[in-house]
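Chemist: here's a sequence, model it:
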Amino acid sequence: MAKLAKMQNLLSRSMGWAVVSMNIIIFCFLTDESHCSLQHVRSAKKIGDSLNFLVVGDWGRKGLYNQSRVATQMGRIGEELDIDFVISTGDNFYENGLTGIDDPSFEESFSGIYTAKSLQTPWYSVLGNHDYRGNALAQLSPSLRSQDHRWQCERSFILKYTIYPHDLQSGGGSADFFFVDTTPFVDHYWKPSKNTYDWRGVLPREKYLNQQLQDLQVALETSTATWKIVIGHHTIRSVGSHGDTEEMIHQILPIIEAYGVDLYVNGHDHCLEHISSVNSPLQFLTSGGGSKAWRGMKEGANMEGLQFFHNGQGFMSVQIQATLLHVVFYDVEGSTVHELNLLKEGLSVS
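Modeler: As a prediction, the model looks like this:
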């Protein structure tokens, strides 16, 4: 309760594997769809020793800028790991999102690119700032799922997995994934510019942001998962060309550090990187190398906690067990360029 009171104060100041069942349960706790935030919960089970998935971001360029090469390596690694799903960290379609549900870019940048058998799994996606430049509602539309069953895109939602090992003598584990719509938090996009943004369903902004923050706080407070992972498009910490996102540092970071989040996973910067928090066990992972890259580091970037930076295309894999989380970063050739292992100490496997 002390944590809850602390976070309420912060909020007021800031304003199958085999899937056992292919039926993913969806709940919505509020009926105001225009502000429905982290209130969609999808639950699934995994029978196997680990939950395996890939993460890629900033990819939708009709195969150009090495998108097709990255897709090929994703297919290979996906097969080796027998992945359960893919996470997209946003900026799914360049330069200006989709024009509508019939935009051929959906086929040209997604369905016709990620064709490997191993990638025919759910793609859980968030919107990036470039997606908001187009028809954002199109990417959220069930019509796209009828075109390609893999496409699972919402503004914000929670994905809950329970892991059941083959060896029933061993304890299982669980992982909660909190997908957050980060673009509306960034002040820059609300200022007059040559770009326009589709804010339908987001206005009034203050109400929308407050709802997101409150939902995230409550969801993390009540989560009993072994592993907690938050996914958003924008960086919190990064040494890439965009660098740190101040709005995320001030509004999102205090919440996820207070409630023991293990990973914050993002795109936005077109690179691969790993930064460790100096204040908590939280790890910041950037997987934004799905296509156009090579932007280099931000001049004067905060290098505190930097563990790894790759100025090029690529993606990452994550394997989650009851007490171990294993991350691998791959370059455009599919070669391993960095690894991370997190161990949950004090957890018994019995």
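Chemist: the closest residue to residue 143 other than its chain neighbours sits in which helix or strand?
Modeler: Once flanking residues are discounted, residue 143 sits nearest to residue 101: 4.3 Å by CB to CB, 6 or more residues apart in numbering. All C-beta spots, glycine's among them, are computed from the backbone N, C-alpha and C. Assigned by DSSP states H and E, residue 101 belongs to no helix or strand.
Chemist: distance of residue 101 relative to residue 92?
Modeler: Taking CB to CB, to the nearest Å as the measure, residue 101 falls 14 Å from residue 92.
Chemist: same question for residue 61.
Modeler: From residue 61 over to residue 92 (counting by CB to CB), the distance is 10 Å.
Chemist: quick one: which of these two has more around it?
Modeler: residue 92 (31 against 21; other CB atoms under 10 Å).
Chemist: can you name the residues that contact residue 109?
Modeler: Residues counted as contacts of residue 109 (CB atoms under 8 Å, 6 or more residues apart in numbering) are 59-63, 67, 92-94.
Chemist: and if we set it to 6 Å?
Modeler: Residue 109 is in contact with 60, 62, 93, counting by CB atoms under 6 Å, 6 or more residues apart in numbering.
Chemist: one more: residue 189?
Modeler: residue 197.
Chemist: is it correct that it falls within a helix?
Modeler: Yes - according to DSSP: H, G, I helix; E, B strand; the rest coil, residue 189 belongs to a helix.
Chemist: list the contacts of the helix or strand harbouring residue 75.
Modeler: Counting by DSSP H and E, the element that carries residue 75 is helix 67-81. Outside helix 67-81, the residues within contact range by CB under 6 Å, 6+ apart are 52, 54, 59, 61, 113-114, 116, 118-119, 290-291, 313, 315, 317, 332, 334.
Chemist: burial count for the residue nearest to residue 143?
Modeler: 16.
Chemist: my guess is it contacts residue 138. True?
Modeler: Yes - contact criterion CB atoms under 6 Å: residue 101 and residue 138 qualify, at 5.0 Å.
Chemist: so where is the chain shaky, pLDDT-wise?
Modeler: 1-37, 39, 168-171, 346-350 (pLDDT under 70).
Chemist: and the residue nearest the centre of it?
Modeler: With distances taken as CA atoms, centre = their mean, the residue of the chain nearest its centroid is residue 231 (3.2 Å).
Chemist: OK, contacts around that one?
Modeler: 179, 265.
Chemist: list the beta-bridge partners for it.
Modeler: For residue 231, the beta-bridge partners are residue 179, residue 265 (DSSP bridges).
Chemist: quick one: it and residue 253, what's the gap?
Modeler: 15 Å.
Chemist: that older thread, any buried residues in the helix holding residue 75, and which?
Modeler: 67-75, 77-78, 81 (16 or more other CB atoms under 10 Å).
Chemist: from residue 125, how far out is the residue nearest to the centre of the chain?
Modeler: 9 Å.
Chemist: same question for residue 112.
Modeler: Distance from residue 112 to residue 125, by CB to CB: 17 Å.
Chemist: CA atoms only for the helix of greatest length in the chain - export them in PDB, please.
Modeler: In terms of residue count, the longest helix belonging to the chain (DSSP state H) is helix 205-222. What follows is helix 205-222, C-alpha atoms only, in PDB (Å, rounded to 0.1, in the frame of the first residue of the first chain):
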ATOM      1  CA  ARG A 205      -4.600  14.200 -24.400                       C
ATOM      2  CA  GLU A 206      -4.300  14.800 -20.700                       C
ATOM      3  CA  LYS A 207      -7.100  12.300 -19.900                       C
ATOM      4  CA  TYR A 208      -5.500   9.700 -22.200                       C
ATOM      5  CA  LEU A 209      -2.100  10.000 -20.600                       C
ATOM      6  CA  ASN A 210      -3.400   9.900 -17.100                       C
ATOM      7  CA  GLN A 211      -5.400   6.800 -17.900                       C
ATOM      8  CA  GLN A 212      -2.300   5.100 -19.300                       C
ATOM      9  CA  LEU A 213      -0.200   6.000 -16.300                       C
ATOM     10  CA  GLN A 214      -2.900   4.900 -13.800                       C
ATOM     11  CA  ASP A 215      -3.500   1.600 -15.700                       C
ATOM     12  CA  LEU A 216       0.200   0.800 -15.900                       C
ATOM     13  CA  GLN A 217       0.600   1.500 -12.200                       C
ATOM     14  CA  VAL A 218      -2.300  -0.700 -11.200                       C
ATOM     15  CA  ALA A 219      -1.300  -3.500 -13.600                       C
ATOM     16  CA  LEU A 220       2.200  -3.600 -12.300                       C
ATOM     17  CA  GLU A 221       1.100  -3.400  -8.700                       C
ATOM     18  CA  THR A 222      -1.200  -6.400  -9.100                       C
END
